[in-house]
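pasting the structure only:
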Ligand SMILES: NC(=O)c1ccc[n+]([C@@H]2O[C@H](COP(=O)([O-])OP(=O)(O)OC[C@H]3O[C@@H](n4cnc5c(N)ncnc54)[C@H](O)[C@@H]3O)[C@@H](O)[C@H]2O)c1
């Protein structure tokens with residue numbers, strides 16, 4: 001059990017936030033539902049975000065400077081980092097230096113170099129680094145992973161992963177700013193599907209990556225009717241569409257497609273697994289195998305209906321309390337980050353790149 005664990009000490013587990021925007025306040029709501037957990041402080045450069053934090057969640061210790069919060073608030077067990085990607089590394093390293101466990105929202109960082117520095121800081125502090133991926137906790141993910149791990153699908157040859165929006169450029173936050181986010185849909189939403197697929201495959205080592213990115217609508221004014229109109233096209237420096245091909249050490253291939261904008265029929269959020277003896281479709285929880293002379297399409301008679309975000313927050317608290325193994329650690333986050341780096345580097349170089 002970690003030394004800052006609240007278990008057995010008869011006091012609540014205390015979480016402070018760096019970044020108090022949309023996702024942070026969702027985390028706060030879920031943390032408050034966990035027995036004996038308190039949100040004790042929050043830091044954000046936006047007074048508006050802090051006002052909402054106070055109003056919605058009753059958090060009293062509010063700071064516009066996170067370093068000041070880390071210095072002044074002593075009653076903290078863990079820090080939840082929910083800032084734009086470009087802040088993740090600095091925020092996490094400061095939280096570790098202050099002696100706290102950390103959960104950082106996805107993606108772990110802007111790139112693998114930052115990710116490695118965060119892991120070094122965690123190691124030096126002797127604290128947990130949890131990366132806030134939630135799709136690995138999805139019952140559909142467990143269904144497919146269990147089939148693969150049992151050998152039911154045989155060798156997995158190919159995975160097709162897609163996080164595609166037809167027209168869904170966020171019209172809030174800084175999601176169109178490459179300098180603050182590291183990239184566009186690939187690092188923002190592709191990361192979810194990529195990490196889930198990689199986890200399902202048993203985290204094989206990526207060897208080479210080929211990819212490309214395209215920007216053709218996000219950086220121009222648009223009057224097309226869509227779900228989030230009016231994004232800031234003037235500061236839009238990320239891609240609209242990205243695609244990558246990743247080759248793993250074990251010979252499997254994965255393709256990943258991610259878009260904020262794509263001329264497709266409808267949004268797609270899915271992975272398809274193709275093994276020698278069986279395959280699966282994540283979105284529909286379907287399994288495909290030959291059985292008794294027929295090509296069978298199978299679905300489980302029952303799958304739990306759990307909220308992945310709730311599971312992720314509970315996992316974070318329990319990991320910090322020393323009650324559970326860290327199932328979403330920096331190691332995994334770093335491998336995912338290397339694949340993302342590879343896609344962007346390959347797009348830039350116009351050729352396949354090697355993953356270290
Ligand atoms: N797991 C998920 O499904 C999921 C969903 C949405 C967002 N996210 C991630 O969460 C992070 C935040 O996204 P969001 O949607 O909440 O964005 P947001 O814009 O709503 O919130 C970010 C907040 O960080 C604050 N901030 C910026 N710089 C800061 C600094 N230096 N110090 C303190 N606060 C600072 C901003 O003022 C803002 O309030 C991103 O990394 C994003 O990828 C994850």
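Thanks, I have it. It should be emphasised that the depicted structure is a prediction, and the values quoted were computed from it without experimental measurement.

How many neighbouring residues does the residue nearest to residue 219 when sequence neighbours are not counted have?
Distances taken as CB to CB, 6 or more residues apart in numbering put residue 236 closest to residue 219, at 4.5 Å, once the chain neighbours are dropped. To be clear about C-beta, it is placed using only N, CA and C from the backbone, and glycine gets the same treatment. Around residue 236 there are 21 other residues, counting by other CB atoms under 10 Å.

How about residue 138?
Neighbour tally, residue 138, other CB under 10 Å: 19.

tell me the contacts of it?
196, 308 (CB atoms under 8 Å, 6 or more residues apart in numbering).

And it, how close does it get to the ligand?
12 Å (CB to the nearest ligand atom, to the nearest Å).

Phi, psi for the residue nearest to residue 219 please.
phi -80, psi 110 (degrees, to the nearest 10).

For it, give its distance to residue 90.
24 Å (CB to CB, to the nearest Å).

Give me the neighbour count for the closest residue to residue 265 other than its chain neighbours.
Spatially, and ignoring its direct neighbours in sequence, residue 265 is nearest to residue 166 (7.6 Å; CB to CB, 6+ apart). As a burial measure, residue 166 scores 16 neighbours (other CB under 10 Å).

where does residue 166 land on pLDDT?
You'll see residue 166 listed with a pLDDT of 98.

Check the offset of the helix or strand hosting residue 345 from the chain's centre.
Using DSSP states H and E, residue 345 falls within helix 330-349. Relative to its chain's centre, helix 330-349 lies at 13 Å (CA atoms, centre = their mean, to the nearest Å).

could you say what helices and strands it packs with?
Packed against helix 330-349 by the contact rule (3 or more CB pairs under 8 Å, 6 or more residues apart in numbering; DSSP states H and E) you find helix 112-125, strand 129-132, helix 191-200, strand 206-214, strand 241-248, strand 353-354.

sorry, back to before: residues touching the residue nearest to residue 219, list them.
Counted by CB under 8 Å, 6+ apart, residue 236 has contacts 169, 176-177, 215, 218-219.

Try it again at 6 Å.
176, 218-219 (CB atoms under 6 Å, 6 or more residues apart in numbering).

any idea how far residue 222 is from it?
Residue 236 is 11 Å from residue 222, by CB to CB.

list the residues that contact both of the two?
Common neighbours of residue 236 and residue 222 (CB under 6 Å, 6+ apart) do not exist.

per-residue confidence at the most centrally placed residue in the chain?
Compute the mean C-alpha point of the chain, and by CA atoms, centre = their mean the closest residue is residue 106, 3.2 Å away. On pLDDT, residue 106 comes in at 97.
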